[in-house]
Every structure is written in structure tokens, then in C-alpha cells.
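Undergrad: only geometry, no sequence info:
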Ligand SMILES: Nc1ncnc2c1ncn2[C@@H]1O[C@H](COP(=O)(O)OP(=O)(O)O)[C@@H](O)[C@H]1O
Ligand SMILES: [Mg+2]
């Protein structure tokens with residue numbers, strides 16, 4: 001289960017991507033980057049964040065701690081920005097918080113040290129979860145405490161915006177892999193494939209889907225309840241991970257043809 005906190009103060013909006021996360025203080029004295037269920041793509045973004053973070057951690061990739069952040073829209077009272085006010089009013093109750101890494105810098109593979117095996121694992125992971133949001137334009141990776149951290153997986157698992165066609169995406173290669181932040185510095189994805197797939201055991205996947213709060217899955221059109229949605233994610237991952245994985249072969253091909261950094 002994710003730890004729960006209550007947001008006590010809205011500090012400032014973070015305006016990098018489109019989703020307008022807010023920096024918030026909470027009742028545990030922590031500071032969190034909060035993603036709101038009332039933002040454009042709704043609560044599925046929060047589900048993607050939880051699932052992706054869990055799988056990344058299982059692959060040994062560092063992700064900041066996630067929490068469920070209870071929000072009372074009154075915390076936005078002092079915020080002059082109307083867009084922020086509206087977003088908070090649309091987002092009462094449980095939202096997603098991510099531990100704020102103070103003083104973190106945007107990760108830059110041209111400057112920060114990179115282990116090729118780590119980079120290959122990140123590439124493999126982003127292809128697994130169909131995360132197109134880690135390019136040199138938009139790194140979504142931070143350098144903090146002497147190591148890289150992965151953030152922002154809200155765009156991953158985009159098949160869940162159209163469940164009727166989800167099964168067809170299970171073999172699909174990562175789009176725009178040629179623009180991936182780590183493509184020029186990553187080791188061979190073919191060499192990390194077996195170990196990465198083996199790390200994502202049925203127990204790991206089950207624990208990941210169980211971590212998603214019930215309320216973010218209930219009422220999903222076409223499903224009878226949260227458990228059925230959890231099962232649909234498990235079915236998708238089982239199909240995605242079944243060998244031979246064509247999306248890994250395609251990623252390896254893009255990698256072979258890319259200019260090296
Ligand atoms: N845990 C964190 N610690 C420090 N800074 C963060 C953290 N999460 C996000 N940020 C900063 O906030 C920006 C926006 O967050 P992100 O999750 O990328 O949302 P989006 O791109 O959807 O707006 C990031 O690019 C980064 O600069
Ligand atoms: Mg981002």
C-alpha cells in the first residue's frame with residue numbers, strides 16, 4: 001500500500017510539461033510534487049505513474065517515493081492563478097504525491113556519468129511501458145544525491161485510454177525510440193532483456209497493480225469493478241512480456257542504426 005499524507009499547503013505550480021503538477025507541503029512535514037486527478041487526462045495518469053514506478057523499482061531503477069496525497073481544495077485559497085484554483089477544485093480527495101528531491105538538476109547524459117547497463121535498462125523499461133516521454137527535449141530524469149532518478153510516467157501505458165484496443169498494443173514497439181534521451185549512451189538492450197523480463201515476476205506485477213488505490217480504478221467504463229481493471233493490466237503485461245518480445249527486437253534495431261554519443 002502507498003503511504004497516505006494530507007496536503008497542508010499549496011506552494012507553487014510546476015510548469016514544465018502540460019499536467020500542471022503542484023509543489024505541496026504535507027502533514028508529515030514532507031514536500032511533494034502532486035499530480036491531480038482533475039488534470040487533462042484524469043486519474044489514468046496517476047495509475048500509470050504508480051504502475052511504472054513500481055516496475056522501475058523492480059528493475060533496480062531509482063524513482064522517488066510515491067504517496068497518496070489527500071487534497072482539500074481550500075489549500076489553493078491563496079493561489080492567485082485561476083488555472084491552479086480550477087485544477088484544485090476539480091481534484092478533491094486522493095491525488096498522487098511524489099517525494100520532492102530538493103535541488104535536483106535535470107539529468108543530462110552529456111554531463112552526468114552514465115552506466116551503459118543502467119541506460120539500457122531504462123530504455124528497455126520505457127519500451128515496456130510505452131513511455132514516449134523521455135527524450136533529450138524532455139528528459140524526465142533528475143540528477144540528485146549522486147545518482148539518476150526517473151520521474152514522470154503519466155504518459156506511459158497509454159493503451160488504457162482505449163481499453164477496447166489495448167490488446168493490440170502489447171507487441172507494439174516504442175514510438176520515437178530514436179529520440180530517447182539515453183539511446184546514444186545505452187548498452188545493448190538485447191543483453192539486458194532476459195534479466196529485465198525475469199525480474200518482473202507474476203508476484204511483482206500483482207503487487208504493482210495491487211498498489212493502485214481502488215478509487216482510481218472504480219467506475220472504469222467497460223469493467224465491473226477495480227479488480228477487473230487490475231486483471232486487465234496484468235493480462236496486458238503478461239502478453240507484453242511473453243517471448244519472443246518483438247518490441248525489444250525493434251528497439252535493438254533502432255539502437256544499432258543510431259549514431260553513438
Ligand atoms: N520528485 C521531484 N523532485 C524534484 N523535482 C521534480 C520532481 N518531480 C518533478 N519535478 C520537476 O517538476 C517538473 C514537472 O514534473 P513532471 O512529473 O515532469 O510533470 P509534467 O511534465 O507532466 O508537468 C519536472 O520536469 C521537474 O523539473
Ligand atoms: Mg515531465
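TA: Sure, I can see it. The model shown is predicted, which means the values in this text are computed figures rather than measured ones. Numbering: from 1, shown residues only. Ligands and ions are numbered 1, 2, ... in the order given.

Undergrad: all helices of the stretch 1-150 of the chain, in order?
TA: For the stretch 1-150 of the chain, applying DSSP state H, counting those that start in this stretch gives helices covering 43-58, 82-89, 116-128.

Undergrad: distance of residue 105 from residue 183?
TA: As judged by CB to CB, to the nearest Å, residue 105 and residue 183 stand 21 Å apart. Using the backbone N, CA and C atoms, a C-beta is placed for each residue, glycine as well.

Undergrad: Quick one: closest of the helices of the stretch 1-150 of the chain to ligand 1.
TA: Closest to ligand 1 of the helices of the stretch 1-150 of the chain, according to CB to the nearest ligand atom: helix 43-58, at 8.0 Å.

Undergrad: Also compute the angle for that closest one relative to helix 116-128, please.
TA: Put simply, helix 43-58 runs at 150 degrees to helix 116-128, going by axes from the mean of the first three to the mean of the last three CA atoms, to 10 degrees.

Undergrad: what about helix 43-58 and ligand 2, any contact?
TA: No. Judged by CB under 5 Å from the ion, helix 43-58 makes no contact with ligand 2; its nearest approach is 11.0 Å.

Undergrad: what sits up against that helix?
TA: If you take CB atoms under 8 Å, 6 or more residues apart in numbering as the criterion, helix 43-58 is touched by 2, 19, 35, 37, 39, 62-63, 66, 95-96, 98, 125, 128-129, 131, 150, 152-158, 160-161, 199-200, 204-205, 207-209, 211-212, 216-217, 233.

Undergrad: Same question for stretch 227-234.
TA: Identification of contacts with stretch 227-234 by CB under 8 Å, 6+ apart yields 51, 157, 160, 163, 166, 202, 205-206, 209-210, 212, 217, 220, 223.

Undergrad: Look at the nearest residue to residue 19 once chain neighbours are set aside and say how many residues are nearby.
TA: Nearest non-adjacent residue to residue 19, counting by CB to CB, 6 or more residues apart in numbering: residue 39, 4.8 Å away. Close neighbours of residue 39, defined as other CB atoms under 10 Å, add up to 19.

Undergrad: At the contact with ligand 1, which residues of the stretch 151-261 of the chain appear?
TA: 151, 152, 154 (CB under 6 Å from any ligand atom).

Undergrad: Quick check: phi and psi at the second one.
TA: Going back to what we said before, that points to residue 152. phi 60, psi 80 (degrees, to the nearest 10).

Undergrad: Could you find the closest non-adjacent residue to the residue in the stretch 51-200 of the chain positioned nearest to ligand 2?
TA: At 3.8 Å from ligand 2, residue 152 is the closest residue in the stretch 51-200 of the chain, using CB to the ion. Of all residues not flanking residue 152 in the chain, residue 140 sits nearest, at 4.0 Å (CB to CB, 6+ apart).

Undergrad: so what's the backbone phi/psi at that neighbour?
TA: When quoted as degrees, to the nearest 10, the phi and psi of residue 140 stand at phi 50, psi 40.

Undergrad: hmm, back to that, which of the contacts of stretch 227-234 has the most neighbours?
TA: Of all the contacts of stretch 227-234, residue 157 has the most neighbours under the rule other CB under 10 Å, reaching 25 neighbours.

Undergrad: who touches that residue in this structure?
TA: So residue 157 contacts 44, 47, 48, 51, 52, 129, 130, 233, 236 (CB under 8 Å, 6+ apart).

Undergrad: Of those residues, grab the buried ones for PyMOL.
TA: The buried subset of those, as determined by 16 or more other CB atoms under 10 Å, is captured in PyMOL by this line:
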select buried, resi 44+47+48+51+52+129+130+233+236
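
Undergrad: Low-confidence stretches in the chain?
TA: Counting by pLDDT under 70, the low-confidence segments of the chain come to 260-261.

Undergrad: how about the residues of it that lie near ligand 2?
TA: Contacts of the chain with ligand 2, taken as CB under 5 Å from the ion, map to 17, 140, 152.

Undergrad: between the residues you listed, which is nearest residue 252?
TA: Of all the residues of the chain next to ligand 2, residue 252 sits closest to residue 140, with 22.7 Å by CB to CB.

Undergrad: any idea how far the residue nearest to residue 1 when sequence neighbours are not counted is from residue 109?
TA: Distances taken as CB to CB, 6+ apart place residue 211 nearest to residue 1, at 6.9 Å, with adjacent residues excluded. Counting by CB to CB, the gap between residue 211 and residue 109 amounts to 30 Å.
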